[in-house]
Each structure stands twice: as C-alpha cells, then as structure tokens.
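Engineer: Let's see this in three dimensions:
(2 chains)
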Amino acid sequence: MSLRKFITSKTTAALAVLFTVFANTSVFAQDAAAGAAAAPKVDMGEVYKSVVFYILVFLAICLFIAIIGKAIRVYELSREAQGKPVGINWNRVNSSLFALFLVVGLYGVYWEYTVHGSMLLPDAASVHGKRIDDMFNLTLIITTIVFIATHILLFGFSYIYKYSAKRKAYYYPHNNTIEKIWTIVPALVLTVLVLMGFLTWRSIFYKVEDPKNMPIQIEMTSEQFKWSIRYPGADGIVGHKNYKLTTASNTLGIDFKDLKSRDDQMADEMVIPVGKPIKLLLTSKDVIHSFYMPHFRVQLNTVPGMQTVFEFTPTITTAEMQQKTNDPNFEYLFYCAKICGSGHYNMKKVVRVVSMAEYKTWLAEQQTYLNDDLRKQFNLPVAPSKVEAGTDSAATDSAAVKTNQMALNK
Amino acid sequence: MSTIALHDEHNHDHADHGHHKETLISKYIFSMDHKMIAKQFLITGIIMAVIAMGLSILFRIQLAWPDKNFPFLETFLGKWAEGGRIKSDFYLALVTIHGTIMVFFVLTAGLSGTFSNLLIPLQIGARDMASPFLNMLSYWFFFSACVVMMASFFIQTGPASGGWTVYPPLSVIETAIPGSGLGMTMWLISMVLFVASSLMGGINYVSTILNMRTKGMDLWKMPLTIWAFFLTAILGILSFPVLVAGVVLMVFDRSFGTSFYLSDIVMGTNILPNEGGSPILWQHLFWFLGHPEVYIVIMPALGISSEVISVNSRKPIFGYHAMVYSLIGITVLSFIVWGHHMFVTGMNPLLGGVFMITTLIIAVPSAVKTFNYLATLWRGNIRFTPGMLFAIGLVSFFISGGLTGIFLGNASLDINLHDTYFVVAHFHLVMGSAAIFGMLAGVYHWYPKMFGRMMNAKLGYLHFWLTFIAAYLVFFPLHFLGLDGVPRRYYAFTEFEFMKKWLTVNVFVTWAAIMAALAQVAFLFNFFYSIFKGKVAPQNPWESNTLEWTAPVEHLHGNWPGEIPTVYRWPYDYSKPGHDVDFIPQTVPFSQTMSSNLPHDFEGNAEAEKIQQDWELANPVTENKG
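Structural biologist: This next block holds a predicted model:
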C-alpha cells in the first residue's frame, strides 16, 4: 500500500479521527485520574462554579468539532483528488436527519402530552370553567391533528424529495381549486371555534342576574405586593370608597359616611360557599395587577381608577378537591399575574371553598373594617368603653349574620 | 432617478464616469450605499441579538437555580447580583430589555433593515434606494437607539423594568420600581429614535418599490421577498407613529405631571394628584403598534423563506398570487386585532368578542401560507443548503407557534392563559424562533451577495441542527407551565408549592437554552471568519432566478455596470418542462425559451401567442415534456 493511498484512504481517515478522539478522552481521563490520586480531597464544587472551567470545557468541545471538521475535509479532498464521487451526500444526511427528527419529535410530543400533560391544573372548579375546559379540549384536538399532520408532511416531503441529479422537480405553479379548499376548510373550522368561543365568552361576561340567587359581592384591592379582601357585611353591598380618603389606618380609603360600608368585613383569605355565584369587584391602589385564580379559570386585571367585575360560581369545595387530587395539602390560590414590581412573584392568598354552613360561621367571625380609630376620624359615635364596644360589635356582628343569612336565603 | 449619482469606482468602464475618491468614513461609516447600510444593520442586529441572548441566559440561570449563588454574576453585575444572586428588580430589567432588544432591534431593524436594504434595489433592479441619505440616517438613528438603550445598563437605578410593554402606572411612577426612573426615560428616548429610524426606512422602501422598478418589473413579477418587505414597510409607516404618540404622552405623564395614563393612584399612603387618565389608553396605543409589530417581524421572514424554499426546492412557489393575497390579508387584518392582547385587562367585554373574531380570521391567510409552503416542497428536488434548512425550520415553528395562537386568540381560553408561560412559549415559537430562523435563512442565502464569499455549509448544518433542536426543547415544555397556571415574569418559583414541580423542567430548559446560545458560536465564527477567509462566491451560487444574482459579485455603487437588466418573466420559473436547465432567470426573454413556454406565460398577448404557436408547429415535440 503506497503512502499516498494510505493517507487518503477512507478507513485511515476514519481511524485517525477515532484515534484522536480516543486519545483526547483518555488523556483527559488520565489527567482526571492523576488529579484524583494526587489530591483526593479536591472540592469539585468550587470547580463547577468557576467560569474558567466551563470556558475550558467549551473550548475543548470546539476543538473536538474543529478536528472532526478537518477530518471530513481531508476525507472529501482525498475523494476529490482520486476523482471519486463526493464522499458525503449532505442532502441525504440532512433529509435523513429530518426524518429522524420527525420520529423522535413525535415521540417527544407524545411524552410531553402524557408526562407534563398530567401535571396540569385539575378540572375546573367553577361552572363557567367547565365550558372553558370543553372549549380548550376541542381546540387542543383540532390543533394537535393539524400539528402532527403538517409536520409529517413537512419533514416527510423533506425526506422523500431530497435532491437527486437524475430527477427534475415537478413544475406546478398553482392550482386554484386546491387553494380554495385550503382557504375554506380552515375558515370553516375557525368559524366553529369563533362561534363557540364567542358564546362561551358571552356566557361568562354577560350574566343575567337571577333575583332568587343573587351573587355574593367580594371586593379585592391590589397593591404592591398584597391583596386586601372586603366582604360586604350584612347589607350584601360593598360600600363606597374614595382613594383620597386613604390614610395609614384606612388603607383602602373606605368612605364610612356611606352607610353600606360601615358593616364591611375584612378577611385574610377568601372563603366562599360552594354553588353560590360570587361577584368579584376588582380594584387596584397603585399599579396594574391581575387577579388570577387558575383553578376556577378566573382572571381579570385590577386597574387603578376603574373597577372590573368577574362573576363565577365555584362547584368543588377545597375538601373535595383534596380528595380528587389525592393531595391533603391542596389549596386553591389566587395570585398576581401582571408584572407589578419586585414582589410580583410572591403576591398570593388562599381561597377556601366550603359549604354554606361553614361559610356562615366563618363570616360571623370576621372583623369589620370600621374600628374605633376610624369612627373618630369620620366623626361617628364611638362606644365609651371597650367592654361595651366589644359587646356592641358582637351584637352588630350577629345582626349582620342574620341579615346576611336572609340575603343568602332569598 | 437623476438624484442618484453613480460612482462606480470598481467599474471597468473607467472612462465613462468621473468619480470622487471614497474615504474610509464615506465607505464604511456614513455610507449611503444600500448594500453597506444593509451590512451595518445586520452586524448591529447580530451584536444586539448576542447581547439579548446573553440577558436571557442570565435570567434563565436565575429561574433554574433560584437558591444557588453564582459568584461570577456579582463580578459582572455588581450590586444587581449581590452575593451572586440576581435581584428581583434586576431580573425584571433583564426580561424587559431582552424583550425590547429582540423585538425592536433584532427582529425589526435587524431583519427588515438588513434585507429590505439589501434586496429591494437588487431584486427590483434599481441603482440604490430612493433616498440614500435618508437611508443612512435611518441606520444612524437605529444605532443611536441601541446605544441609548444599552447605556441604561450603566446608570445607578438600572434599565427600564416594567416589561417590554411598559404598562403604566408601573413604568410611570418612579417609586413603583427602580427601573422606572432614569432607565425608563432612556427607554422612551431610545424608542423615539428607533421609530424615527423605522419610519425613514419604511418610507424609503415603499417609495423605492413603487417608483424605481426596472423595465418589465411589474408588481406581479416581483419576488415574494419584495412583496413582504413592501407590505411590512406599509404596516410600519401606519402603526409606528401611534407608538410615538403613546410614548410622547408617557413622557408628559412622567416629566410634566399630566394624567393621560394615571388616575386614582395611592402609593402606600401617598395619594398622587393625577386624575382622569386611564392606564388602558396606553395599552390601546401600544398594541395598535404592538400587534402589527409582530407581523412586521414575521412577514419579512415569510418572504425570505418563500424565496429560499422555492429556489432550493427547484420549484416555483406554489400559489404565488395566493401568497401575495394572504400577505395583503394579514396586513389589513393585523390593524384590527390588537385587542386580543387586552381580553382580560378590563377592556369592555363586548370588544373582546369582536377582537376574537378578527383574530381568528387572521389564522386563515396564515394557514394558506403554510399549506403553500408544503405544496412547494411536494415533488420538489430539495437541496439542503443551510439557508433551506432554516427556512424549513421556520415553517415548522410557524406551524407550532401559529397553532398555539388559536388558543390565545380565543377570548374565553385567554382568561386562564393570559400572562402565563403559555404566552411566552407561543410568541417565542412564532416570533423568537420562526422569525429568527427566517433571518438566519436570509443570512445564509444572501451572504454571497453581501460579502462576495460563501459561508461554510457544514458549520451551517451544525448551527441549524443544534439551534432547531434546542429551540424546541426550550419552548415546547413551557406551554405546560402555562397550562398549570404559572404566570410569566416570576422571579422565582420558590414561593408557591405547586410551582416546585416545575423546577426540574426549568433546569432542563435552561440547559437547552445554554446549548442554543453556544450553538450560535458556530454561526458567529462562520459569519465573521467567512467575511475574510470564505470561499469566493460564484456569480449565482444557488442557481436562482432573481435579479440580484445578475449583479457582479464585486460590489458596485449602482449595482450593475452599464444598463440595468430588463425583466421578462416572473421569478419562479424553476424546473420548467422543456428547458434544458432547471432555472430560467427573470432576465431571459421568452424568445430564448421557446421550448418551455406555456400558454399563460403571455398573459393574453395575442401576437406572442401566435409566434409561439407557429414555433411549436415548426418544432414538433419529440420527447415527453415532463
């Protein structure tokens, strides 16, 4: 075997590459082994944290790629010098990679749908949420079919119609019939989706009030970075507030001149009775936040200067959901979904869905916003002694519960 | 056209023109040559893209390892990453500037600026832009915008950090977040400069395309790239001024105490005097630009991929007219869909319903385009050049990202998906990945035209496959975070029990993002190395039909020596039956291709049809045309 042949032969080139790779890795391995033997207590944690280490790793990878690139180059040049056909058919390589990508990718999609797809929110816990979920599932089925079909075509065509010098492409500039079909079919499918979406949207935001089942009003006020909850008290109506009345003791700026606000109650968590419509009155003190309660498929921004309203009916209590999800620590939450500053990532409160009876007992225990300080500020009569004030407020509270019960039973 | 002076200093007909000497400054810096300006836009765009990608790696590190310290971060970022952990304010600044740079500086200026400048004169057969001076200004305004934006990293309070959409009041009230101080002012200045740049560019593109086409180049003979750039420029001209209006009002609110966007605000217990404004107004103004903006980003990429796919499939683009009409449809519709960004922002629900209808309608022209790409590939003879790989990648991302758009465009589904990772995944697929892939396809395809040299194809393959795989690994799993109700722009997932199960996914996504970022080194090396050491490009490396490949490889100021070539046919006569080679450039008259002419080529010209018939009678077909 002549030297020239030896240098240019395909197997030698391949062997050379393999050898270099092997030599490299084994040298690295030896180094590592030697290092380990010499100083067995080297703290690799520090090494893994140093930028230099990663730069070196990266440079090693680059070197490796450069060596492979050179080897391919040598191989191709040698083929050329010998007058043989081109060694590597890159069109074939790339088209095969597309086919491989299709197969692996489809499996990846399947894996994602089944593994990550099972880590998602549980079924909607509200009446309208079920409609949203149905809408979602329909859209998901349609889009998944289109997604898979178009990708099979895209990568399939890429694989089948790879370049060949023997073939000429099929001159096929247009076909108006086909063009019409794939304009009309997507249009029809989208019409269905639009109609269903529109009806769902209307059913969520255009509610006809049922006088026999009036919603419970709850006001949410957002500020950096917390939520304040206000229950309406005995009258069932959240009273007026005016941002100009805001003080350190009246952080929401509630106007206690308005009789409706005097019985308004504060709460640390949102407790709501199952099966009863809830009307959320959303406001913001400072910047825009977003009231997001994903288990109930509820989201609406809270905007300073205007009130937004979202009405929903919870259908599954917290206890039932704990059983459904097999998670005794499960809690419904609401949190902020609109960028609002440095504490955006931690602005949440717990929601508890309970039976009507539990709700009533809980509500009776909640404090009113109006306290002695505020009574003074608003020139309202303050009860002379604390003991009396206590009994007084307890009395109003029980009265509040009674009226509230009446409101609920309506 | 008399305004365009020709100084062809490379021209061999030296005697014909008197020419003044070009200095370094007039050639490379304050150049008025569209090809040089295109290169300036491209290289600035690439630098900005690298910066923005670096920012994304920083916040991906924070998301993956929220409770680990990385001392090198403190080395680079100082007090913004005290103890090696990025602060939450600065995290938001990173997200904001990443978005701003990518959307405006890379995908608008870097994409439209580069390829409109390079290809419009070359593909329609013009010596230069309608106003070369305006063109130069356009670049320098863009450059200043970049400088101002980057300068905000060097001020005490840091860059703007209210998200790239800078919703007031967060972006207006200085005490709301540190970035809303000087950083936000610089953001606004930068944006005004940027819009001025876009407008100058856009006006130039439109007037060049309308007025300076060469002989025979009627609108229906223009390549789809030109159609895309043309419609993109119109979109930009009509929508960018609205952003400026919004920005000016915001400057007033921030600096002069007006209340366009502010009302009823209490910071802690500090009652602000502003009354009567509405933060929703900004959202309307912003998205009136912002939505056309996403089409400003994607349409040039679609135009580029139409051209690249057709050339490399060796087939005419399927349904040329349908492609143009769908672009026009997208252009028109994109003005009436902005409200789908605002379904749950407190906008009147009635409007939400209307915007949902218009939004889902826009999916139809997008679907038509996708199917036409597939039909173009069908029975083609596909050459997998790096440009072609990226164009196919674009189609894949466009499908994936487009389909998730059907979820978000549906108002009732948007309730639960709005501002979650689902949105992040959606627009990173359709803008981040598809448009970037379109841009890269264009770079690989027209590199020989820009620099007269070829890029290394094998490094291109490596670049493509790593990026393509990594992009899917990064963005596909993010959909599921969104479906689980994880909001975007969260500094850490540690405060919520249910988010902890996604931490491993975050680590995975971060590694994939690092892989994608490192893959770009292959591109950067290839790009800059080939400028000086690449193989010298042949006249028409891809055997393409369009006019730019008839211009000499050496750049001339004025593009063509002597007369500008005349155009006789549409740009997609690939693999026409009866012709000996598989492409017929636009400059070849039908009289030279008698064996391959088809009846509809003559557009009803009776005389030409007669001549063709006579010829066919005289030369009966001996072999099968197929």
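
Engineer: what helix or strand is residue 291 on?
Structural biologist: Because you didn't say which chain, this covers chain A. strand A:289-293 (DSSP states H and E).

Engineer: was after chain B, sorry
Structural biologist: Assigning secondary structure by DSSP H and E places residue B:291 in helix B:279-313.

Engineer: Pull out the buried residues from whatever helix or strand comes next after that helix.
Structural biologist: Tracing the chain C-terminally past helix B:279-313 and defining elements by DSSP H and E, one meets helix B:320-333 next. By neighbour count, with 16 or more other C-beta atoms under 10 Å in any protein chain shown as the criterion, the buried positions of helix B:320-333 are B:320, B:322, B:323, B:324, B:326, B:327, B:329, B:330, B:331, B:333. To be clear about C-beta, it is placed using only N, CA and C from the backbone, and glycine gets the same treatment.

Engineer: The second one and residue B:571: what is the separation?
Structural biologist: Distance of residue B:322 to residue B:571, given as C-beta to C-beta, to the nearest Å: 16 Å.

Engineer: Kindly report the same for the fourth one.
Structural biologist: As for residue B:324, its distance to residue B:571 is 12 Å (criterion: C-beta to C-beta).

Engineer: For residue B:369, which non-adjacent residue is spatially closest?
Structural biologist: The spatial neighbour of residue B:369 that comes closest, neighbours along the chain excluded (C-beta to C-beta, 6 or more residues apart in numbering or on different chains), is residue B:326 at 5.2 Å.

Engineer: where along the stretch 151-300 of chain B do the helices fall?
Structural biologist: The residue ranges that make up the helices of the stretch 151-300 of chain B, judged by DSSP state H, counting those that start in this stretch, are B:182-211, B:224-255, B:279-313.

Engineer: And those helices: which comes nearest residue A:274?
Structural biologist: Using C-beta to C-beta as the criterion, the shortest distance between residue A:274 and the helices of the stretch 151-300 of chain B is 33.9 Å, found for helix B:279-313.

Engineer: part of a strand, is residue B:510?
Structural biologist: No: Residue B:510 sits outside any strand when classified using DSSP: H, G, I helix; E, B strand; the rest coil, being helix.

Engineer: residues touching the residue in the stretch 501-626 of chain B that chain A sits nearest to, list them.
Structural biologist: Closest to chain A within the stretch 501-626 of chain B is residue B:575: 3.9 Å, counting by C-beta to the nearest C-beta. Taking C-beta atoms under 8 Å, 6 or more residues apart in numbering or on different chains as the contact definition, residue B:575 lies against A:168, A:169, A:170, A:171, B:314, B:315, B:381, B:582, B:583.

Engineer: Among those residues, which lie within helices?
Structural biologist: Secondary structure assignment by DSSP state H places none of those in helices.

Engineer: Please name the nearest non-neighbouring residue to residue A:371.
Structural biologist: What sits nearest to residue A:371 in space, not counting adjacent residues and going by C-beta to C-beta, 6+ apart, is residue A:249, at 7.8 Å.

Engineer: helix or strand for that neighbour, which one?
Structural biologist: Using DSSP H and E, no element contains residue A:249; it sits outside every helix and strand.

Engineer: now residue B:597
Structural biologist: Element membership for residue B:597, per DSSP H and E: none, as it lies in no helix or strand.

Engineer: Could you check the pLDDT of it?
Structural biologist: pLDDT, the model's per-residue confidence, is 87 for residue B:597.

Engineer: where in the stretch 251-400 of chain A is pLDDT low?
Structural biologist: Counting by pLDDT under 70, the low-confidence segments of the stretch 251-400 of chain A come to A:383-400.

Engineer: Tell me where it has helices.
Structural biologist: Counting by DSSP H, counting those that start in this stretch, one finds helices in the stretch 251-400 of chain A at the ranges A:259-262, A:318-324, A:356-364, A:372-377, A:386-409.

Engineer: Please, where are all the strands along the chain?
Structural biologist: With no chain named, the answer covers chain A. In chain order, chain A shows strands spanning A:216-223, A:226-231, A:265-267, A:270-273, A:278-284, A:289-293, A:298-302, A:308-312, A:332-336, A:348-354, with DSSP state E as the criterion.

Engineer: wrong one, chain B
Structural biologist: Read by DSSP E, chain B holds these strands, from start to end of the chain: B:266-267, B:270-271.

Engineer: Adding mean pLDDT, write these out as TSV.
Structural biologist: Formatted as TSV, the entries for those read as follows, by pLDDT from 0 to 100:
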stretch	mean pLDDT
strand B:266-267	92
strand B:270-271	91
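
Engineer: which one of the ones you listed has the most crowded surroundings?
Structural biologist: Among those, judged by mean count of other C-beta atoms under 10 Å in any protein chain shown, the one packed with the most neighbours on average is strand B:266-267 (a mean of 19).

Engineer: right, is that one up against chain A?
Structural biologist: Yes: part of strand B:266-267 sits close enough to chain A to count as contact by C-beta under 8 Å from any C-beta of the partner chain, namely B:266, B:267.

Engineer: Direction included, what does that strand pair up with?
Structural biologist: For strand B:266-267, the paired strands and their directions (DSSP bridges) read strand B:270-271 (antiparallel).

Engineer: Residue A:252 reaches residue A:239, doesn't it?
Structural biologist: No: between residue A:252 and residue A:239 no contact is recorded; they are 10.4 Å apart, counting by C-beta atoms under 8 Å.

Engineer: residue ranges with poor pLDDT in chain B?
Structural biologist: For chain B, the stretches with pLDDT under 70 are B:1-22, B:621-626.

Engineer: and the strand holding residue A:291, which strands flank it?
Structural biologist: Listed by DSSP bridges, the sheet partners of strand A:289-293 and their directions read strand A:298-302 (antiparallel), strand A:332-336 (antiparallel).

Engineer: Give me the contact list for stretch A:161-177.
Structural biologist: A:91-92, A:94-95, B:313-322, B:375, B:377-384, B:572, B:574-577, B:582, B:626.

Engineer: let's see it at 7 Å
Structural biologist: Identification of contacts with stretch A:161-177 by C-beta atoms under 7 Å, 6 or more residues apart in numbering or on different chains yields A:91-92, A:95, B:313-316, B:318-321, B:377, B:379-383, B:572, B:574-577, B:582.

Engineer: Please list the residues of the stretch 1-150 of chain A that sit near chain B.
Structural biologist: Taking C-beta under 7 Å from any C-beta of the partner chain as the criterion, the neighbours of chain B within the stretch 1-150 of chain A are A:49, A:51, A:58, A:69, A:72, A:90-91, A:94-95, A:97, A:112, A:116-117, A:119-121, A:132, A:135-136, A:139, A:143, A:146-147, A:150.

Engineer: Check the burial of residue A:133 by counting its neighbours.
Structural biologist: As a burial measure, the neighbour count of residue A:133 was computed by other C-beta atoms under 10 Å in any protein chain shown and equals 16.

Engineer: excluding its backbone neighbours, what's nearest it?
Structural biologist: Spatial nearest neighbour of residue A:133, excluding adjacent residues (C-beta to C-beta, 6+ apart): residue A:124 at 4.9 Å.

Engineer: Wait, the one you found touches residue A:132, no?
Structural biologist: Yes: applying C-beta atoms under 7 Å as the test, residue A:124 and residue A:132 come out as touching, 6.4 Å apart.
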